[in-house]
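Colleague: Everything below, folded, please.
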Amino acid sequence: MSVKPLKIPAEDLPFWERKTLAEMTAEEWESLCDGCGRCCLIRFEDEESGDIIPTRVACRLLDGETCRCTKYRHRKRYVPDCIKLTPHNVADLTWMPKSCAYRRLYEGRGLASWHPLISGDPESVVKAGISMRGQTINETELADPEDAIDYEAYDLLGDGGD
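Modeller: Residues are numbered from 1 along each chain as shown. Next comes the predicted model:
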């Protein structure tokens, strides 16, 4: 007996399964952000190995409880080196968290089961242990920006499961 897989019409698939990142509307693109806050953490690059060292120190604009940027629309005015994620630079931003929806989709891995677009629950990111809620130190609390390395967090290098 041979079994044929069911074909789901493209229009019945969610936008992230039927569109490329570049084809998404601005609203669709923004909805991919799960609000974990991991992309707003200070990172260092090991000069010898090139490895990325994440920390639990957050950008001055990240609200540590909501994991959202407090000045999102005008963030470049306050943090000039903030990198705006676009469909055209995802491939180059290898420091992006492996759990990041943009990175996952770019790599063909789909959204994780805990992503709010899949679970229907904005708190699923917190329940899955992906959110940085309550786990960060704001960079403004440090005496010297280089002190962020004292808060290295190699445990954040994983992809957060499925």
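Colleague: Distance check, the residue nearest the centre of the chain against residue 32.
Modeller: When C-alpha atoms, centre = their mean is applied to the chain, the residue found nearest the centroid is residue 100 (3.6 Å). Residue 100 is 9 Å from residue 32, where distance means C-beta to C-beta, to the nearest Å. Where you see a C-beta, it was placed from the backbone N, CA and C, and this is true even at glycine.
Colleague: what about the closest residue in space to the residue nearest to the centre of the chain that isn't next to it in sequence, how many residues close to it?
Modeller: Nearest non-adjacent residue to residue 100, counting by C-beta to C-beta, 6 or more residues apart in numbering: residue 39, 6.4 Å away. Around residue 39 there are 22 other residues, counting by other C-beta atoms under 10 Å.
Colleague: ok, now residue 117?
Modeller: Neighbours of residue 117 (other C-beta under 10 Å): 17.
Colleague: now it, what's its secondary structure?
Modeller: helix (DSSP: H, G, I helix; E, B strand; the rest coil).
Colleague: about what we covered before: if I read this right, the residue nearest to residue 100 contacts residue 96, doesn't it?
Modeller: Yes. In this structure, residue 39 is within contact of residue 96 by C-beta atoms under 8 Å, at 6.0 Å.
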